[in-house]
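J.: okay, structure incoming, though there's no sequence with it:
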């Protein structure tokens, strides 16, 4: 896990710059660690082959080959494109202990990762990612 108070990102912008670039919904999730409502995101049921990028900085984060239907209400992946593409932050908000997933390139909130719950995936992990945090580049 990373201590984000000391982290320098490749893409760094002021709060005003992020607000100008992102829609209010994107800003709320990506920069304020919000969450979109379950089953409302554009990529929840998508089967399109391609690469999922960070909507804030366009860094490649996930491949469609690792996406699976976990029936949780958000797009789910069993692995990032590469470990160095994401960072992990301990999240003790909402009265529970979770692991937040952020873009390692710009620090934007993507969602959370859960483990050991029998997902039947090669990693036994579920990266539960907000659709509004992603952009899909079809193959």
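T.: Done, it's in. Here the structure is a predicted model, which is why all the values come from computation and not from measurement. Residues are numbered from 1 along each chain as shown.
J.: and the helices in the protein?
T.: Along the chain, the stretches classed as helices by DSSP state H are 15-21, 24-30.
J.: mean neighbour count, those helices: which tops it?
T.: helix 24-30 (a mean of 18; mean count of other CB atoms under 10 Å). Glycine gets a C-beta too; all of them are placed from N, C-alpha and C.
J.: and the end-to-end length of stretch 28-38?
T.: Terminal residues of stretch 28-38 are spaced 15 Å apart (CA to CA, to the nearest Å).
J.: and if you look at stretch 130-139?
T.: For stretch 130-139, the separation between the terminal residues is 21 Å (CA to CA).
J.: contacting residues around the residue nearest the centre of the chain?
T.: Averaging the C-alpha coordinates of the chain gives a centre point, and the residue nearest to it by CA atoms, centre = their mean is residue 110 (2.4 Å). Listed by CB atoms under 8 Å, 6 or more residues apart in numbering, the contact partners of residue 110 are 54, 61, 86, 101-103, 127, 129-130, 133-134.
J.: quickly note the distance from it to residue 120.
T.: 22 Å (CB to CB, to the nearest Å).
J.: likewise for residue 27?
T.: According to CB to CB, residue 27 and residue 120 sit 35 Å apart.
J.: next: residue 25.
T.: Look at residue 25 and residue 120: by CB to CB, they are 32 Å apart.
J.: in this protein, where is pLDDT below threshold?
T.: With pLDDT under 70 as the threshold, the chain has low-confidence stretches at 1-6, 117.
J.: most distant residue from the middle of it?
T.: The outermost residue of the chain, judged against the average C-alpha position, is residue 16 (21.9 Å), by CA atoms, centre = their mean.
J.: settle this for me: residue 130 is touching residue 35, isn't it.
T.: Yes: with contact defined as CB atoms under 8 Å, residue 130 and residue 35 form a contacting pair (6.2 Å).
J.: shared neighbours, these two?
T.: Shared contacts of residue 130 and residue 35, counting by CB under 8 Å, 6+ apart, come down to 29, 111.
J.: ok, the two, which is more surrounded?
T.: Neighbour tally, residue 130 and residue 35, criterion other CB atoms under 10 Å: the higher count belongs to residue 130, 28 against 17.
J.: check contacts around that one.
T.: When contacts are taken as CB under 8 Å, 6+ apart, residue 130 is in contact with 29, 35-36, 41, 74-75, 109-111.
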